[in-house]
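*Asks:* sequence unknown, structure follows:
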């Protein structure tokens, strides 16, 4: 029995004393010496594990079938492959692909088990794909395998939802494609003439969301993504073009509302800005071309799968985790929508007069890769990816195997000429993860410029009881993460040495009722984070909220609750002065530690590039002549 390993992929865990117990979803390995936390192993070996996984993704695209690479088989335009826009290379562990976490944990387990003698693996889990991978691991190493299946505890859903879920990928894709066309049809030709005849030589590609309509808003374009930049361009007599990707929002819930808003933007701008939508270029020609391109790649799913499925990652068979995503990538909703975006962008960029420079929000979404290809095909000027929020070290879509950055002019990974990072923290992460240094440029953090004013004019609210610790809770957009965060807090409070005042700011995408937490008095607020930071002693944040950065930069001590079901996606993951907790005991210790200090003495942290005059953005967009742009582009391509 000494060589039996029991893997607990479960919240309910029993610990047979004779076994070595592996905690698949817990950081809490301090209960006894026969416990090993896989999430802790992942954090300890993060760089190595990430390197292995990114190499595996790259090698999938390089597999040769009938003399051609997978990347080349999926070419949908000369020198542009659909492969880069599909789900597996996108690596959306932040949202759509949680099984990436399972893959990384498998690699961590293999690293731990490599030099150990194991006779039996017992897996307690409801994850069938994980069981298949583990069974293959045991088979290759001549280890007995036992799977203790846990029934799913998923709550029942509606009848229509269940029917839709069981439809073939092809049917679901076509349903969603038709629905999108129907919903977006009113945006056709909005601002088309002005876009086609624009005198502006600077273009931006962004989302029609996160708009600032507060204060004395009269209908002008104000974006929380770009903040002061549009106004700065106008003050410097620089006309600009803006293409917005329609996102339903409370201020424009339908395409009709969005159309009216874009028309209002154009009217208020008086020619200084041209605003249009990606869906402006919707036409029957684009629809038919999308269907043609999509049907052209459908047969590749079954043709290529037998070959890519044989590619192991460091001798670990991962394909059961990704098989469903492979077919969804080519047959499913994401595939047809991605190709639709590509054809819309191809039209939009072709209609645009010759541009000196372009910029887009850098998130490594599929439409961005399509934009890069279309922009360069039309021989416009330098294209900038504007990294607008925190660059998360474990957000894998931001990074690739170093071989992906090499240029062969044959279905290469699309890359912007310049990646404009918003400060020293993002620059450090980009370089650490192998992004080509010649393509990196540091600019002001547009979304965080308010931190400059806060740092200069800190007004701390000392109106409180002397023995009181003021905790600002910044929650997640995922209900499950927020519930975990609050459960840890409720468990910790009885062991905190001082009285606690709790202020809870929910994520805008999540509704929270204070009555759900009757055990404690909670002050529920919706004020902007910047208005709350001066009135707290500590910020207690969810695993992924970017608001943690606001608190950190303001100088407020930050405690972050870890998510046992995901990688550590905190934007502050590598900051030594941030406390990460996974149990109520750890949280109470952290709160007591802060309570014992002289709270309210804040020290600003250098995380972003902050200068409201935007000298770097102005130099990039306004003061650079054509010859210097070409030189910058040439250096970036070297």
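*Replies:* Perfect, I can see it now. This is a predicted model, so every value here is computed, not measured.
*Asks:* residues touching the residue nearest to residue 103 when sequence neighbours are not counted, list them.
*Replies:* Excluding the flanking residues, the one nearest residue 103 by CB to CB, 6 or more residues apart in numbering is residue 318, at 5.1 Å. Any C-beta I mention is one placed from the backbone N, CA and C, and that applies to glycine too. For residue 318, the contacting residues are 56, 103, 106, 133, 312, by CB atoms under 8 Å, 6 or more residues apart in numbering.
*Asks:* ok, of those residues, which one's closest to residue 435?
*Replies:* Of all the contacts of residue 318, residue 435 sits closest to residue 56, with 19.2 Å by CB to CB.
*Asks:* looking at it, the closest one is touching residue 317, isn't it?
*Replies:* No. Residue 56 is beyond contact range of residue 317, at 10.8 Å (criterion: CB atoms under 8 Å).
*Asks:* Please pull up the helix or strand immediately following the helix ranked longest in the chain.
*Replies:* Scanning the chain for the helix with the most residues, using DSSP state H, yields helix 333-351. Following helix 333-351 in sequence order, the next helix or strand is strand 357-361 (DSSP states H and E).
*Asks:* Tell me the helix or strand right after that following strand.
*Replies:* Using DSSP H and E, the helix or strand that follows strand 357-361 in sequence is helix 366-377.
*Asks:* What lies in contact with that next one?
*Replies:* So helix 366-377 is contacted by 77, 79-80, 84-86, 90, 205, 245, 278, 334, 338, 341-342, 345-346, 348-350, 358, 360-362, 383, 385, 413-416 (CB under 8 Å, 6+ apart).
*Asks:* make it 6 Å
*Replies:* The contact list for helix 366-377, computed with CB atoms under 6 Å, 6 or more residues apart in numbering, reads 80, 84-85, 205, 338, 341-342, 345-346, 349, 360, 383, 414.
*Asks:* Which of these sits closest to residue 286?
*Replies:* residue 346 (8.4 Å).
*Asks:* And for the closest one, the neighbour number?
*Replies:* Counted with other CB atoms under 10 Å, residues neighbouring residue 346 total 21.
*Asks:* Tell me which residues touch it, please.
*Replies:* residue 374.
*Asks:* still on that earlier bit, what residues sit buried inside the longest helix of the chain?
*Replies:* Across helix 333-351, burial judged by 16 or more other CB atoms under 10 Å covers 333-349, 351.
*Asks:* pLDDT averaged over it, what's the number?
*Replies:* For helix 333-351, mean pLDDT is 96.
*Asks:* Hey, what's the angle from that helix to strand 357-361? Just curious.
*Replies:* Here helix 333-351 runs at an angle of 160 degrees relative to strand 357-361 (axes from the mean of the first three to the mean of the last three CA atoms, to 10 degrees).
*Asks:* on that earlier part again, spatially, which two of the contacts of residue 318 are the most separated?
*Replies:* By the measure CB to CB, 56 and 133 form the most distant pair in the contacts of residue 318, at 12.9 Å.
*Asks:* residue ranges with poor pLDDT in the stretch 301-450 of the chain?
*Replies:* The model of the stretch 301-450 of the chain has no residue with pLDDT under 70.
*Asks:* Hmm, I typed the wrong one, I wanted the chain.
*Replies:* For the chain, the ranges with pLDDT under 70 are 1-2, 16-17, 94-96, 153-158, 160-161, 454-466, 595-605, 624-638.
*Asks:* can I see the domain layout of it?
*Replies:* The chain is divided into the following domains under automatic domain parsing: 1-165+284-351, 182-283+352-448+623-637, 457-595.
*Asks:* And the ones you listed: which comes nearest residue 609?
*Replies:* Of the domains of the chain, nearest to residue 609 by CB to CB is domain 182-283+352-448+623-637, at 4.3 Å.
*Asks:* what about residue 241, which helix or strand?
*Replies:* Under the assignment here (DSSP H and E), residue 241 is part of strand 240-246.
*Asks:* That strand - contacts with which helices or strands?
*Replies:* With contacts taken as 3 or more CB pairs under 6 Å, 6 or more residues apart in numbering; DSSP states H and E, strand 240-246 sits against strand 202-208, strand 273-277.
*Asks:* Most tightly packed of the ones you listed?
*Replies:* Greatest average neighbour count among the helices and strands packed on strand 240-246 goes to strand 273-277 (a mean of 26), per mean count of other CB atoms under 10 Å.
*Asks:* What are the buried residues along the helix or strand just after that one?
*Replies:* Going down the chain from strand 273-277, the next helix or strand is helix 284-298, by DSSP H and E. Neighbour-count burial for helix 284-298, counted by 16+ other CB under 10 Å, picks out 286, 289, 290, 291, 293, 294, 297, 298.
*Asks:* Find the residue closest to residue 138 in space, skipping its chain neighbours.
*Replies:* Residue nearest to residue 138 in three dimensions, not counting chain neighbours: residue 145, with 3.9 Å by CB to CB, 6+ apart.
*Asks:* The strand holding residue 241 versus strand 273-277: what angle between them?
*Replies:* Put simply, strand 240-246 runs at 20 degrees to strand 273-277, going by the same axes, to 10 degrees.
*Asks:* any idea of the angle whichever helix or strand comes after strand 240-246 forms with strand 240-246?
*Replies:* Per DSSP H and E, strand 240-246 leads on to helix 255-269 as the next helix or strand towards the C-terminus. On the basis of the same axes, to 10 degrees, helix 255-269 is oriented at 170 degrees to strand 240-246.
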